[in-house]
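Peer 1: here are the coordinates; sequence isn't available:
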Ligand SMILES: C[S@@+](CC[C@H](N)C(=O)[O-])C[C@H]1O[C@@H](n2cnc3c(N)ncnc32)[C@H](O)[C@@H]1O
């Protein structure tokens with residue numbers, strides 16, 4: 001038996017889970033930002049540093065930064081750290097837009113592809129999708145954009161979005177064979193639209209953010225105590 005100490009309803013039913021900057025990339029078992037806000041408001045003292053040892057997509061880190069708490073996050077997954085870092089960055093929006101225009105021109109006018117050697121890649125992606133993702137990858141790898149991290153996270157979002165995995169599930173199941181023919185390739189459209197949407201969100205949410213640090217942490221790379 002336990003005694004209930006929190007009386008509030010913390011399910012946040014009806015309130016969107018991924019809103020604001022969190023929309024940049026989906027992640028399994030994301031925390032609800034309102035839950036993190038509740039925990040910080042109720043349990044963190046002024047100047048406390050918030051720690052999330054399995055920070056995933058960095059919901060805890062961003063909400064802490066917004067509430068002016070420094071934060072530290074660890075994760076074994078490099079993508080999680082990249083998402084966390086990008087979410088916690090204020091960009092110069094005009095420069096970001098200029099780089100995006102350049103990136104877009106390079107993608108639509110280029111023909112080179114960079115396709116990684118992944119076992120079973122054609123099980124998860126249609127051939128034309130592999131080709132178009134390869135074109136974006138080539139441009140990202142061969143241009144030195146100041147904001148390349150931002151574009152890489154949007155690219156990762158597109159890779160998942162344009163794959164043959166079932167929507168709404170994080171475990172990787174391929175959609176049914178008979179449905180594959182009805183799936184259209186929209187790699188460029190989705191990539192460009194996602195970047196535009198997320199730039200708008202970052203533009204609206206540029207605000208003073210407290211510092212957050214993110215570290216890759218596993219048995220081979222233990223915590224950096226510095
Ligand atoms: C459920 S997810 C966390 C999601 C996060 N709360 C969010 O809102 O996005 C769990 C995370 O733990 C990480 N993880 C699992 N084992 C780990 C380990 N041994 N060391 C560091 N991170 C680990 C995974 O990579 C994953 O990102």
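Peer 2: Perfect, thanks for sending it. No experiment lies behind these values; they were computed from the predicted model shown.

Peer 1: For residue 29, give me its contacts.
Peer 2: Residue 29 is in contact with 56, 170, counting by C-beta atoms under 8 Å, 6 or more residues apart in numbering. Just so you know, the C-beta spots here come from the backbone N, C-alpha and C atoms, and that holds for glycine as well.

Peer 1: helix or strand for it, which one?
Peer 2: Under DSSP states H and E, no helix or strand contains residue 29.

Peer 1: if I look at it, how far off is residue 170?
Peer 2: As judged by C-beta to C-beta, to the nearest Å, residue 29 and residue 170 stand 8 Å apart.

Peer 1: Next: residue 87.
Peer 2: Applying C-beta to C-beta to residue 87 and residue 170 gives a distance of 19 Å.

Peer 1: Can you give me every residue that contacts the residue in the chain positioned nearest to the ligand?
Peer 2: Nearest residue of the chain to the ligand (C-beta to the nearest ligand atom) works out as residue 56 at 2.4 Å. Contacts for residue 56 (C-beta under 8 Å, 6+ apart) come out as 27, 28, 29, 30, 31, 75, 77, 80, 84.

Peer 1: doesn't residue 214 fall inside a helix?
Peer 2: No - counting by DSSP: H, G, I helix; E, B strand; the rest coil, residue 214 falls outside a helix, being strand.

Peer 1: who's it bridged to?
Peer 2: residue 73 (DSSP bridges).

Peer 1: thought residue 70 was touching residue 64?
Peer 2: Yes - between residue 70 and residue 64 there is a contact at 7.4 Å, judged by C-beta atoms under 8 Å.

Peer 1: Can you pull the residues of this structure lying near the ligand?
Peer 2: Within the chain, the positions near the ligand by C-beta under 6 Å from any ligand atom are 27-31, 54, 56-57, 59, 74-77, 80, 217-218.

Peer 1: show me the contacts for the residue most central in space within the chain.
Peer 2: Closest residue to the average C-alpha location of the chain: residue 25 at 3.0 Å, with C-alpha atoms, centre = their mean. By C-beta under 8 Å, 6+ apart, the contact list for residue 25 reads 57, 83, 153, 156, 157.

Peer 1: Repeat that for residue 87.
Peer 2: Residue 87 neighbours (C-beta under 8 Å, 6+ apart): 21, 22, 24, 57, 58, 61, 62.

Peer 1: which outside residues touch the helix ranked longest in the chain?
Peer 2: Using DSSP state H, we find that the single longest helix of the chain is helix 187-205. Here helix 187-205 makes contact (C-beta under 8 Å, 6+ apart) with 20-21, 23-24, 90-91, 93, 96-97, 100, 104, 107-108, 129, 132-133, 136, 150-151, 154-155, 157-158, 161-162.

Peer 1: From the chain's centroid, how far away is that helix?
Peer 2: 12 Å (C-alpha atoms, centre = their mean, to the nearest Å).

Peer 1: Ok, stretch 143-163 next?
Peer 2: The chain centre lies 9 Å from the centre of stretch 143-163; the measure is C-alpha atoms, centre = their mean.
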